[in-house]
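K.L.:
sequence first, predicted model second:
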Amino acid sequence: MSVNYGWMGSIADFLACSGQDWFATMQANYQAMYQMRSTTTQNQAWEECGEILRAAFAVPEAAQFATLSRKSWTLIFEYELPGEGGRRPDLVILGAGHILVFEFKQKATLSTADLDQVAAYARDLTEYHQASANHPVSAILIPTRYTKENVIRNTVQILNPTQIGKYLESLTETESEIDSNQWVDSIYEPLPTVIAAARRIFQQEPLPSIRRAQSAKIPEILDYLRQIVDRASQQKERHLILITGVPGAGKTLVGLQFVYQSDRPAIFLSGNRPLISVLQYALQSKAFVREIRNFYLQHEARRQSAPRENIIVFDEAQRAWDADRMSEKYGISSAAPGAVLRICERVPDWCVLLGLIGEGQTIHVGEEGGIEQWNEGLSESWQVHCSSEQSKYFDTSVHVNDLLNLTTSLRSHLAHHVQTWVAHVLNHDIDRARATMPLLIEEGFNCYLTRDLEAAKEYCRSRYQNQSDKRYGFVASSRSRNLVKYGIRNDYISTQKLNIGAWYIDPPDSENSCCTFDRVVTEFSCQGLELDFPIIGWGDDLIWKDEAWITTTRQKNVRDPLQLRLNSYRVLLTRGRDGFILYVPPETKMDRTFEILRSSGLSLLIAER
């Protein structure tokens, strides 16, 4: 039977096992898990960790050791978090009802990235590991050359290596012992990215039934959608369903699952070309997800056959262009919602059209018409379903269901308050933003501000070292003009050369990966997508002046250029799963902007050299 850890046993077992035999078991299990030998660096880290723990447990005070042994503490080295691409805390200790997550670093000083890394391990075990749910989970960092007193930083306990035994002895037993065999075999259901979710759907694997998704009412929404499909097909009706939601609330996930689980012909369309490109790259298929541009051309501009699908999902439907833009691009005389509704009226017998609308994410020219355009395009043949918040935009009676408004972000793990913080910042309410930030920190969402781009890059590399499934990279506004000279190449030519699928999906050692920091995605290429930890370039297109945000850009055919800039930064600020770093260039004209962002509660990230 395969194992998902390097070594497991009690403290007494560990001390009774020779260092050589323990080390050999670690190496053998590592090779069994990953089909490769452990590196020299890894071996050195294990050896040092083993020596520190033997010294900590084999203390002269016999009474202390006897107490530790009697408590049946279990040591689990290199436990792999299932499905997390090789993420492994150095050590997990189970005892006295506690779950203690240790990370050893061969350093004398404290690193922000190291603190956040071990805190994230503890957070994920708490949220996604079934056997950990009812026990306190603590994050403990051991800088192996640390000589100072023990301290606590942002919920992480930093221990002097000589104090490990004393720390364990100080813990108060909370409840009965944890069964170590059940613990290592426990169900672990992390939150999937949109890309990972799509892959699971195509591989016909069940998506994790995580508590976060349950709390967002996604299963109930899917059940509601299925009921509408059954009714539409039986009674030969046409139904328009609009789901709105904050960034990262799971709208795309709902659309993908809805189409895949349907036993009727269905298609997933999006006006978000980068999202479609990334999904097609990940799935190596263009059959399931398609760009809505081709849908317009085939079924409206060229007046070809009606769609064969009865179920049509329009993702990123806030990208529904107005009539002027549709006429300019396709020669279609109506706004996009009206065009889609007309096309769907040609589907024989019945049709269910699901529009997924991101709030505050209109970032393109021609997208400013709003949800009212759906009302303007309706004919009498349609029945409308939406939340109470959206019902005011329709002249006809609608089926109101507040399930259809997703208000909770799934993208940011448990960071319920990210959307609130972003809204306060962009609405000029800096005091309320600052008051919200402690809630983000408490939930394990790490937000930093820096003017040192190298420090930001080093943080990401250090935090996600040896975590091949993690993604980090540059995101920036397309309208900023002062970022290129600092290495954030958001200019038009550079962004057009980007292989968007490879940027999001390729592993960190690929030259096309986002993790190389060689290429940048803008708001147009990250809407609906995500990174674990983006570095956001805050440029000179949105600056603080006279107690408010102003934009320095001018665009043709734009009714409200400032609102487009604010929406662009809303998209950029909500791409992170674990957190983000804001980089403000070290220029005088950006000083006031930096000060305001600092006042919003962000922690300063400085070089740790």
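P.N.:
Okay, I see it. Residues are numbered from 1 along each chain as shown.
K.L.:
any regions of the stretch 301-450 of the chain where pLDDT drops low?
P.N.:
Along the stretch 301-450 of the chain, segments meeting pLDDT under 70 span 301-305, 317-323, 325-327, 329-334, 359-370, 409-416.
K.L.:
all strands for it, in order.
P.N.:
Secondary structure of the stretch 301-450 of the chain by DSSP state E, counting those that start in this stretch: the strands cover 311-315, 351-358, 382-386, 399-400, 405-406, 446-450.
K.L.:
same check on the stretch 101-250 of the chain?
P.N.:
So, for the stretch 101-250 of the chain - with DSSP E, counting those that start in this stretch - the strands run 137-143, 151-153, 156-158, 238-245.
K.L.:
what mean pLDDT would you report for the last one?
P.N.:
Meaning strand 238-245. Averaged across strand 238-245, pLDDT comes to 92.
K.L.:
show me what that strand is in contact with.
P.N.:
By C-beta atoms under 8 Å, 6 or more residues apart in numbering, the surrounding residues in contact with strand 238-245 are 221, 225, 228, 231-232, 251, 254, 317, 341, 344-345, 350-359, 371, 374, 378, 381-387, 389-390, 404-407. C-betas here are computed from N, CA, C, even on glycine.
K.L.:
and that strand, how far from the chain's centre?
P.N.:
25 Å (C-alpha atoms, centre = their mean, to the nearest Å).
K.L.:
ok, now stretch 388-398?
P.N.:
32 Å.
K.L.:
next: stretch 277-288.
P.N.:
That offset, for stretch 277-288, works out to 20 Å (C-alpha atoms, centre = their mean).
K.L.:
quick one: closest of the strands of the stretch 101-250 of the chain to residue 273.
P.N.:
strand 238-245 (20.9 Å; C-beta to C-beta).
K.L.:
which helix or strand lies directly C-terminal to that closest one?
P.N.:
helix 251-261 (DSSP states H and E).
K.L.:
for that following helix, buried residues please.
P.N.:
Within helix 251-261, the residues that count as buried by 16 or more other C-beta atoms under 10 Å are 251, 252, 253, 254, 255, 256, 257, 258, 259, 260.
K.L.:
export that helix as CSV, just CAs?
P.N.:
Output of helix 251-261 as CSV, limited to C-alpha atoms (Å, rounded to 0.1, in the frame of the first residue of the first chain):
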residue,chain,number,x,y,z
LYS,A,251,-19.9,31.8,-11.7
THR,A,252,-17.7,30.0,-14.2
LEU,A,253,-17.6,26.9,-12.1
VAL,A,254,-21.4,26.9,-12.1
GLY,A,255,-21.5,27.3,-15.9
LEU,A,256,-19.0,24.5,-16.5
GLN,A,257,-20.8,22.0,-14.2
PHE,A,258,-24.2,22.9,-15.6
VAL,A,259,-23.2,22.3,-19.2
TYR,A,260,-21.2,19.1,-18.3
GLN,A,261,-23.9,17.5,-16.1
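K.L.:
so what does that helix touch, helix or strand wise?
P.N.:
helix 194-202, helix 218-235, strand 238-245, strand 266-270, strand 311-315, strand 351-358 (3 or more C-beta pairs under 8 Å, 6 or more residues apart in numbering; DSSP states H and E).
K.L.:
any idea which helix or strand in the protein has the lowest mean pLDDT?
P.N.:
helix 62-70 (a mean of 51; mean pLDDT, DSSP states H and E).
K.L.:
now the buried residues of helix 251-261 as a markdown table including pLDDT and distance to residue 564?
P.N.:
Listed next are these as a markdown table, based on pLDDT from 0 to 100; distance: C-beta to C-beta, whole Å:
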| residue | pLDDT | distance to residue 564 |
| --- | --- | --- |
| 251 | 84 | 21 |
| 252 | 83 | 22 |
| 253 | 83 | 27 |
| 254 | 87 | 26 |
| 255 | 89 | 25 |
| 256 | 86 | 28 |
| 257 | 85 | 31 |
| 258 | 90 | 30 |
| 259 | 87 | 30 |
| 260 | 81 | 34 |
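K.L.:
tabulate the residues you listed (CSV), appending distance to residue 486.
P.N.:
Below are the buried residues of helix 251-261 laid out as CSV (distance: C-beta to C-beta, whole Å):
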residue, distance to residue 486
251, 34
252, 32
253, 35
254, 38
255, 37
256, 37
257, 41
258, 43
259, 42
260, 42
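K.L.:
quick check, nearest of these to residue 394?
P.N.:
Using C-beta to C-beta, those come closest to residue 394 at residue 251, 19.8 Å.
K.L.:
how close does the closest one get to residue 133?
P.N.:
Distance of residue 251 to residue 133, computed by C-beta to C-beta, to the nearest Å: 28 Å.
K.L.:
re earlier: quick one: which of the strands of the stretch 101-250 of the chain is nearest residue 532?
P.N.:
Nearest to residue 532, of the strands of the stretch 101-250 of the chain and by C-beta to C-beta, is strand 137-143 at 17.8 Å.
K.L.:
so what are the sheet partners of the closest one and their directions?
P.N.:
Take DSSP bridges as the rule and strand 137-143 pairs in its sheet with strand 98-105 (parallel), strand 156-158 (parallel).
K.L.:
any chance of JSON lines for these, columns mean pLDDT?
P.N.:
Output for those, formatted as JSON lines (pLDDT from 0 to 100):
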{"stretch": "strand 98-105", "mean pLDDT": "95"}
{"stretch": "strand 156-158", "mean pLDDT": "95"}
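K.L.:
out of those strands, which gets nearest to residue 14?
P.N.:
Short answer: strand 98-105, nearest of the strands paired with strand 137-143 by C-beta to C-beta, at 13.5 Å.
K.L.:
which outside residues touch that closest one?
P.N.:
45, 48-49, 52, 89-94, 111, 114, 117-118, 121-122, 125, 132, 135-144, 168, 171, 174, 178.
K.L.:
in the stretch 1-150 of the chain, which spans are helices?
P.N.:
11-16, 19-34, 40-57, 62-70, 112-128 (DSSP state H, counting those that start in this stretch).
K.L.:
go through these and pick out the most buried.
P.N.:
Of all the helices of the stretch 1-150 of the chain, helix 112-128 carries the top mean neighbour count, a mean of 23, counting by mean count of other C-beta atoms under 10 Å.
K.L.:
for that helix, packing partners?
P.N.:
strand 98-105, strand 137-143, strand 156-158, helix 453-463.
K.L.:
taking the mean pLDDT, what do you get for it?
P.N.:
Mean per-residue pLDDT for helix 112-128: 92.
K.L.:
repeat that for stretch 192-207.
P.N.:
The model assigns stretch 192-207 a mean pLDDT of 70.
K.L.:
hang on, the earlier thing: buried ones among the contacts of strand 238-245?
P.N.:
Judged by 16+ other C-beta under 10 Å, buried ones among the contacts of strand 238-245: 221, 225, 228, 232, 251, 254, 317, 341, 344, 350-359, 371, 374, 378, 382-387, 390, 404-407.
K.L.:
residue 9 is nearest to which of the helices and strands packed on helix 251-261?
P.N.:
helix 194-202 (33.5 Å).
K.L.:
hang on, the earlier thing: I'd like the strands paired with strand 137-143 as CSV, with mean neighbour count and distance to residue 551 appended.
P.N.:
Formatted as CSV, the strands paired with strand 137-143 follow (neighbours: other C-beta atoms under 10 Å; distance: least, C-beta to C-beta, whole Å):
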stretch, mean neighbour count, distance to residue 551
strand 98-105, 22, 43
strand 156-158, 20, 39
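K.L.:
same list (these) but as JSON lines, adding distance to residue 477.
P.N.:
As requested, these are arranged in JSON lines below (distance: least, C-beta to C-beta, whole Å):
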{"stretch": "strand 98-105", "distance to residue 477": "35"}
{"stretch": "strand 156-158", "distance to residue 477": "33"}
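K.L.:
can you give me the helices in the stretch 301-450 of the chain?
P.N.:
Under DSSP H, counting those that start in this stretch, the stretch 301-450 of the chain gives helices at 323-330, 336-345, 372-377, 388-391, 418-426, 430-442.
K.L.:
I'm done for today, thanks for sticking with me.
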